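Trainee: dropping a prediction and its sequence here:
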Amino acid sequence: MTKLTNEEILSMTAVELGRRIKAGDLTSVDAVSAYIERAEAVEKDIHAFITFDKEEALKNAAEADRKIAAGELTGPLAGVPVAIKANMCIEGHLASCASHILDNFYPTYTSTAVEKLLSAGAVNLGSTNMDEFAMGSTSETSYFGPTYNPWDTGRVPGGSSGGSAAAVAADECAVALGSDTGGSIRQPASFCGITGIKPTYGRVSRYGLIAYGSSLDQIGPLGKDVTDCATVLEIISGKDPKDSTSVGIGEGSASEADERMKTDFTSALVNDVKGMKIGVPRDYFLEGIDEDVKKNVLAAADKLRELGAEVEEFDLGMVEYAIPAYYIIACAEASSNLERFDGVKYGYRTKNYDDLHDMYKKSRSEGFGAEVKRRIMLGSFVLSSGYYDAYYVKALRVKALIKQAFDKAFEKYDVILGPVAPTTALKCGESLSDPIKMYLGDIYTVAVNLAGIPGISLPCGYDSEGLPVGLQLLGQTFEEKKIIRAAYTFEQSFKASAKKADLSSVLKNTECSTDINEKLNGAESTPGVE
């Protein structure tokens with residue numbers, strides 16, 4: 001049997017790689033070694049990882065090979081190299097949230113979603129870079145320095161799961177886990193030309209995910225195609241007694257509700273949309289959207305119509321209220337969740353202080369970055385006496401109205417189709433200097449988290465500069481199968497024209513967030529491939 005080359009290994013999807021490992025065409029050690037070699041070649045230019053556990057990954061790959069040979073591991077991702085976003089706890093491994101205040105935090109427990117993935121035989125390569133505490137849309141606010149887009153290292157990969165998205169796009173891992181609070185899986189998937197799923201709120205346990213906005217956060221997969229993402233979602237979904245907000249199939253007789261709760265997402269990988277009703281909100285294509293993005297997304301709608309779906313435009317409403325409502329609620333929850341990081345029990349503590357109050361103040365001032373401080377202050381403001389009713393309570397009412405608008409739309413449509421972001425990948429530093437511009441870039445994604453519904457992002461074309469454009473498909477709560485079916489069908493028709501990031505001539509970009517790079521250069525240790 002001819003030994004597979006590294007290029008052949010890296011070209012495979014995660015599911016295909018798992019199948020070939022079980023068939024004996026290669027070993028998990030072969031696969032992990034190929035991805036390690038790739039990461040060592042490009043990581044200095046991409047900076048997708050905060051930690052990269054080379055020796056442990058090879059050791060775990062050898063163990064996976066032993067269990068596969070013994071018949072103990074039979075799942076589709078057994079032996080496949082994966083990466084985990086840095087805000088998910090893994091026992092004994094750094095979980096920094098890309099923040100100075102947690103740059104020495106090693107959890108004593110493992111996130112449920114991560115545990116399920118590793119128990120299925122996946123091999124973790126390391127923790128991926130992100131916006132600090134998941135607060136950002138560019139992956140430039142990380143204490144450890146920014147991540148760069150594999151399609152163009154002068155551009156951002158999106159955020160906050162930019163490290164996970166860049167790692168998949170640059171073939172530094174086969175598939176990755178990210179988290180999505182207001183678009184943090186879907187937007188970087190769009191910018192990096194890959195696929196990502198934000199599940200229904202409660203579909204995946206949040207236990208072990210370091211919280212940003214507790215009523216909005218969800219863990220989900222980023223992969224090379226719809227099949228990879230559906231397979232990972234199938235593995236990590238389900239009720240978890242450690243997370244009271246997680247849901248699963250209830251006890252008692254089978255019902256329509258039970259059917260919606262089933263997690264056999266790969267059964268929805270059907271190349272057929274005949275009879276599906278797809279709604280396209282007119283609100284998503286007004287001012288602010290790039291012409292290339294608009295053209296490609298509407299072309300995707302036409303393709304689905306051609307393939308047999310019923311596609312029509314409609315007025316969704318409430319779109320203009322999504323951004324202010326989201327940032328009020330998210331910042332309010334962030335200000336509460338981040339209170340626990342005070343330098344007392346764990347995390348960074350300032351070296352010089354006079355008393356307890358001074359220690360709190362200095363530890364948090366030195367430990368948190370500018371964007372995190374901004375959102376904590378915004379959250380504390382809207383929760384303060386005299387402003388609570390005027391801002392926070394009103395935002396909660398708007399959240400309910402947004403959910404009602406989606407509910408009304410889903411009475412008529414199986415799937416809602418639209419863009420992921422108004423632009424393709426932005427140039428480094430372009431929105432970091434203008435937070436309002438960065439916030440407005442989330443206009444098509446944040447409403448999904450407010451409503452708690454599922455969404456998928458997948459490539460649908462390219463702009464005039466060759467950068468990928470993302471298509472977003474949304475479904476009613478717990479109806480991931482419908483968006484997976486529609487996405488898979490479109491993907492099959494798009495594959496012939498699909499491209500990959502070309503990293504053959506990546507050059508080190510020195511213009512991206514130089515202030516953060518200076519901080520990184522002054523850090524005690526440089527993260528990345530060891």
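Mentor: Sure, I can see it.

Trainee: measure Ala400 to Val319 for me?
Mentor: Going from Ala400 to Val319 by C-beta to C-beta, to the nearest Å gives 16 Å. In short, each C-beta sits where N, CA and C put it, glycine included.

Trainee: again but with Gly183, I slipped
Mentor: Here Gly183 is placed at a distance of 14 Å from Val319 (C-beta to C-beta).

Trainee: more neighbours, those two?
Mentor: Neighbour count, other C-beta atoms under 10 Å: between Gly183 and Val319, Gly183 has more, with 32 against 19.

Trainee: which of the three states applies to the more buried one?
Mentor: Put simply, Gly183 is coil when judged by DSSP: H, G, I helix; E, B strand; the rest coil.

Trainee: ok, for it, nearest residue in space, not its chain neighbours?
Mentor: Distances taken as C-beta to C-beta, 6 or more residues apart in numbering place Thr445 nearest to Gly183, at 2.7 Å, with adjacent residues excluded.

Trainee: any weak-confidence spans in the stretch 51-200 of the chain?
Mentor: Applying pLDDT under 70 to the stretch 51-200 of the chain picks out no residues at all.

Trainee: okay, strands next: where are they in it?
Mentor: All strands of the stretch 51-200 of the chain, identified by DSSP state E, counting those that start in this stretch, fall at 81-85, 123-128, 175-180, 195-198.

Trainee: make CSV from these and add mean neighbour count and distance to Gly136 to it.
Mentor: Output for the strands of the stretch 51-200 of the chain, formatted as CSV (neighbours: other C-beta atoms under 10 Å; distance: least, C-beta to C-beta, whole Å):
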stretch, mean neighbour count, distance to Gly136
strand 81-85, 30, 13
strand 123-128, 29, 14
strand 175-180, 30, 13
strand 195-198, 32, 16
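
Trainee: need these in a markdown table (columns: distance to Ile21).
Mentor: Putting the strands of the stretch 51-200 of the chain into a markdown table (distance: least, C-beta to C-beta, whole Å) gives the following:
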| stretch | distance to Ile21 |
| --- | --- |
| strand 81-85 | 10 |
| strand 123-128 | 10 |
| strand 175-180 | 14 |
| strand 195-198 | 21 |
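
Trainee: Pro419 is nearest to which of those strands?
Mentor: Comparison of these against Pro419 by C-beta to C-beta identifies strand 195-198 as nearest, at 14.4 Å.

Trainee: ok, residues contacting the closest one?
Mentor: 161, 165, 178, 180, 183, 185-186, 188-189, 218, 220-226, 228-230, 233, 448-449, 454-459, 480, 484, 487, 491 (C-beta atoms under 8 Å, 6 or more residues apart in numbering).

Trainee: show me what whatever helix or strand comes next after that strand is packed up against.
Mentor: Downstream of strand 195-198, the first helix or strand assigned by DSSP states H and E is strand 218-223. Applying 3 or more C-beta pairs under 8 Å, 6 or more residues apart in numbering; DSSP states H and E, one finds that strand 218-223 contacts helix 162-169, strand 175-180, strand 195-198, helix 226-236.

Trainee: about what we covered before: and the buried ones among the contacts of strand 195-198, selectable in ChimeraX?
Mentor: In ChimeraX syntax, the buried subset of these is picked out as below (16 or more other C-beta atoms under 10 Å):
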select :161,165,178,180,183,185,186,188,189,218,220,221,222,223,224,225,226,228,229,230,233,448,449,454,455,456,457,458,459,480,484,487,491
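
Trainee: and the gap between Phe265 and Val297?
Mentor: Going from Phe265 to Val297 by C-beta to C-beta gives 24 Å.

Trainee: cool, Asp131 as well?
Mentor: Distance of Asp131 to Val297, given as C-beta to C-beta: 25 Å.

Trainee: checking my notes, Val469 in a strand, right?
Mentor: Yes - Val469 forms part of a strand when assessed by three-state DSSP.

Trainee: tell me the contacts of it?
Mentor: So, once contact is read as C-beta under 8 Å, 6+ apart, Val469 ends up touching Ser190, Asp292, Val293, Asn296, Val297, Pro419, Thr424, Pro459, Cys460, Gly461, Tyr462, Asp463.

Trainee: one more time with 6 Å, if that's ok
Mentor: Counting by C-beta atoms under 6 Å, 6 or more residues apart in numbering, Val469 touches Val293, Asn296, Cys460, Gly461.

Trainee: cool, Glu371 as well?
Mentor: Met135, Gly136, Thr141.

Trainee: for the first one, grab the count of nearby residues.
Mentor: In terms of burial, Met135 registers 30 neighbours under the definition other C-beta under 10 Å.

Trainee: right, and it touches Arg375 too?
Mentor: Yes - using C-beta atoms under 6 Å, Met135 makes contact with Arg375 at a distance of 5.4 Å.

Trainee: the residue lying closest to Lys427 once chain neighbours are set aside and Lys224, how far apart?
Mentor: Excluding its sequence neighbours, the residue lying closest to Lys427 (C-beta to C-beta, 6+ apart) is Arg155, at 5.6 Å. Distance, Arg155 to Lys224, by C-beta to C-beta: 20 Å.

Trainee: cool, and Leu209?
Mentor: Per C-beta to C-beta, Leu209 is found 23 Å from Lys224.

Trainee: and for Ala61?
Mentor: 20 Å.

Trainee: pLDDT below threshold where in this structure?
Mentor: Using pLDDT under 70, the chain drops low at 1, 250-257, 505-530.

Trainee: which residue is nearest the middle of it?
Mentor: For the chain, Ile185 is the residue whose C-alpha lies nearest the centre (C-alpha atoms, centre = their mean; 2.5 Å).

Trainee: give me the phi and psi for Asp53.
Mentor: Main-chain torsions, Asp53, degrees, to the nearest 10: phi -100, psi 80.

Trainee: strands along the stretch 201-350 of the chain, start to end?
Mentor: Using DSSP E, counting those that start in this stretch, strands in the stretch 201-350 of the chain cover 218-223, 277-281, 310-314.

Trainee: nearest to Glu37, out of those strands?
Mentor: That would be strand 218-223 among the strands of the stretch 201-350 of the chain, by C-beta to C-beta, at 20.8 Å.

Trainee: contacts for the closest one?
Mentor: Residues outside strand 218-223 that contact it (C-beta under 6 Å, 6+ apart): 14, 113, 164-165, 168, 175-176, 178-180, 185, 189, 195-199, 201, 204, 209, 229, 232-233.

Trainee: quick one, that strand and strand 81-85 angle?
Mentor: Compare the direction of strand 218-223 with that of strand 81-85 by axes from the mean of the first three to the mean of the last three C-alpha atoms, to 10 degrees and you get 140 degrees.
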